[in-house]
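Novice: no sequence on this one, just coordinates:
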């Protein structure tokens, strides 16, 4: 029996290509207009200027915001990893009352819309009378640092926990049989095994913190982060400088995901 | 020696537990408590009352807003699914070479700033934007259309664009894990391509669909930036924008807290329901690799954490 002609495959390719276009064209538009030689984003295109990138390089507000965002992301990574890794270990191997509650709570900021976590933390810090600018100018403010860290610890916990679950415990037992103490076992056996998961989570937390806006919105003090600075510009009206900064962010994101993909491949091959 | 090890263990456990208690449990509890406080003459008083909830459910504005947001979110979910499913299917079954690369290409936008993605639509749909320019130079219209931006549909399109890759991830994960032998078996039994899809692939992929849809719905309902950027007056009617304004210019934190609590309960109920539905649609002793239960939540988690 001859199978009927396959209409499915060509139409799938057509739809797939269109969806791909739908996902990418808007991003492409942003990048293209970063090189558009006119302050008005309009048709037709006049390509071939780096004017907006030069403006960007001289925009002190934007640079300060970028510096603040980097500081914030670094601190967030430190807290999220410093607490997330022990958190994953606790979930994996310690039993205590309320463990289920603990597990659900850690995941809550990931599941809920960001705005809820944002207003909850705002309520909390203002109840404790912690100034949103405390710690400024060394850091962008303790509330926003703690807010990001609290929200993103879950990323580290989920990724490292998933890895721990697949881990062969025999190695650790062997280490202990050879009289290594807990720390040495952790340092020389457990940690190398979860290394890629931790690195991947670090990268992810860093990127997400740089881009975070819902929680940041409510907890920011005097110093804007990069997304909030961009947001401010957008509200005042369209300027091609936003296209330029978006292009930079886009390029950096691609680099980040390539690194992340490499880590993932390394992890899969383990 | 042994006591020191135990001490280390207890300390190691205390830090994450303390952290979660201090920075997540207490803030969420305080939000709940605050929803029972009241604003009197611009000052928050700590007397417990259910006034906020009475006002919330007694005024048409709040239930309407929630319904309106749900309507928007529902449309975004539907469109995201319609776009994501065929692409996920294509990637899982038709693409042989460079499949990982193509999958990566689909999820790269998730790593690109959220604002950039929302802003793109402002450039495209704006009065001087690309769409107007194209339509004008093609002679379809003579005056730029102003209805493109600042409308409900601008918001729906942009949110669909933002959340389609998220929807795709769990669907792709489930489709990819369907063993090719099942498809072959179905074809050996003289099922047509459509029958194979309808009776084998689709039912097996439902858990991924549920997970993806839940995700698109929850996130687009909770979005409050795209509405402000693209939605115009309509979007002041999104529930997150209501929360945003109650915690900002409108300054009524207790009422804002009450709206947040309602949102929180709705979200958790939805996730619980999705989990139920997804368990019901997962075949008993499912042949699909991976955990059959809780995929909705796991899907949400996985997509959010970029796995």
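Specialist: Received the coordinates, thanks. These figures come from a predicted structure and were not determined experimentally.

Novice: and the most centrally placed residue in chain A, what does it touch?
Specialist: In chain A, the residue lying closest to the centroid (CA atoms, centre = their mean) is residue A:208, at 1.6 Å. By CB atoms under 8 Å, 6 or more residues apart in numbering or on different chains, the residues touching residue A:208 are A:152, A:155. No exception for glycine: its C-beta is placed from N, CA and C like everyone else's.

Novice: ok, now residue A:131?
Specialist: Taking CB under 8 Å, 6+ apart, one finds A:141, A:221 in contact with residue A:131.

Novice: check which helix or strand it maps to.
Specialist: Using DSSP states H and E, residue A:131 sits in no helix or strand.

Novice: what's the burial count for the residue in the stretch 51-200 of chain B that chain A sits nearest to?
Specialist: Going by CB to the nearest CB, chain A is nearest to residue B:133 of the stretch 51-200 of chain B, at 2.3 Å. Neighbours of residue B:133 under the rule other CB atoms under 10 Å in any protein chain shown: 18.

Novice: in the helix or strand harbouring it, what counts as buried?
Specialist: Residue B:133 is part of helix B:130-137, with elements assigned from DSSP H and E. Buried positions in helix B:130-137, judged by neighbour count with 16 or more other CB atoms under 10 Å in any protein chain shown: B:130-133, B:135.

Novice: now the element after that helix, going C-ward?
Specialist: Using DSSP H and E, the helix or strand that directly follows helix B:130-137 along the chain is helix B:152-176.

Novice: so does that following helix get close to chain A?
Specialist: Yes. Residues of helix B:152-176 contacting chain A under CB under 8 Å from any CB of the partner chain: B:161, B:164-165.

Novice: where do the strands sit along the stretch 1-150 of chain B?
Specialist: B:38-40, B:43-45 (DSSP state E, counting those that start in this stretch).

Novice: pLDDT of the helix holding residue B:133, averaged?
Specialist: For helix B:130-137, mean pLDDT is 81.

Novice: next: stretch B:18-29.
Specialist: 95.

Novice: gap between that stretch and the chain center?
Specialist: Mean-position distance between stretch B:18-29 and its chain equals 24 Å (CA atoms, centre = their mean, to the nearest Å).

Novice: for that stretch, measure first residue to last.
Specialist: 15 Å (CA to CA, to the nearest Å).

Novice: what's the answer for stretch A:109-116, then?
Specialist: 8 Å.

Novice: what residue ranges in chain A are flagged as low confidence?
Specialist: Scanning chain A with the threshold set as pLDDT under 70 gives A:1-4, A:42-43, A:238, A:267-270.

Novice: can you give me the buried ones in the top helix by length along it?
Specialist: If you go by DSSP state H, chain A has its longest helix at helix A:60-93. Using 16+ other CB under 10 Å as the test for burial, helix A:60-93 gives A:62, A:65-66, A:68-69, A:71-73, A:75-77, A:79-92.

Novice: could you check which residue of the stretch 51-200 of chain A lies nearest chain B?
Specialist: Using CB to the nearest CB, the closest approach of the stretch 51-200 of chain A to chain B is made by residue A:113 at 2.2 Å.

Novice: OK, contacts around that residue?
Specialist: A:214, B:218-219, B:221-223, B:240, B:263, B:267.

Novice: change it to 10 Å
Specialist: By CB atoms under 10 Å, 6 or more residues apart in numbering or on different chains, the contact set of residue A:113 is A:214, B:218-224, B:239-240, B:243, B:260, B:263-264, B:267.

Novice: swap in residue A:71?
Specialist: Here residue A:71 is in contact with A:138-140, A:145, A:223, A:225 (criterion: CB under 10 Å, 6+ apart).

Novice: buried ones among the residues you listed?
Specialist: Neighbour counting with 16+ other CB under 10 Å marks A:139-140, A:145, A:223, A:225 as buried within those.

Novice: can you narrow those to ones near chain B?
Specialist: Checked against chain B using CB under 10 Å from any CB of the partner chain, the buried ones among the contacts of residue A:71 give no members in range.

Novice: now, those that are in helices?
Specialist: residue A:145.

Novice: any chance of the buried ones among the contacts of residue A:71 in JSON lines, plus distance to residue B:88?
Specialist: As requested, the buried ones among the contacts of residue A:71 are exported to JSON lines (distance: CB to CB, whole Å):
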{"residue": "A:139", "distance to residue B:88": "42"}
{"residue": "A:140", "distance to residue B:88": "39"}
{"residue": "A:145", "distance to residue B:88": "38"}
{"residue": "A:223", "distance to residue B:88": "41"}
{"residue": "A:225", "distance to residue B:88": "34"}
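
Novice: burial of residue B:166, as a residue count?
Specialist: 24.

Novice: that one touches residue B:84, doesn't it?
Specialist: Yes. The criterion here is CB atoms under 10 Å, and residue B:166 meets it with residue B:84 at 8.4 Å.

Novice: what's the closest non-adjacent residue to the residue of the stretch 201-307 of chain B found nearest chain A?
Specialist: Taking CB to the nearest CB, chain A has its nearest neighbour within the stretch 201-307 of chain B at residue B:222, 2.2 Å off. Computed as CB to CB, 6 or more residues apart in numbering or on different chains, the closest residue to residue B:222 that is not its neighbour in sequence is residue A:113, at 2.2 Å.

Novice: quick one: residues contacting residue 209.
Specialist: Assuming you mean chain A. A:69-70, A:72-77, A:80, A:144-145, A:148-149, A:151-152, A:155, A:215-216, A:225.

Novice: if you could check chain B rather than the one you did, that'd help
Specialist: Residue B:209 neighbours (CB under 10 Å, 6+ apart): B:81, B:84-85, B:88, B:167, B:170-171, B:174-175, B:202, B:277-278, B:281, B:296, B:299.
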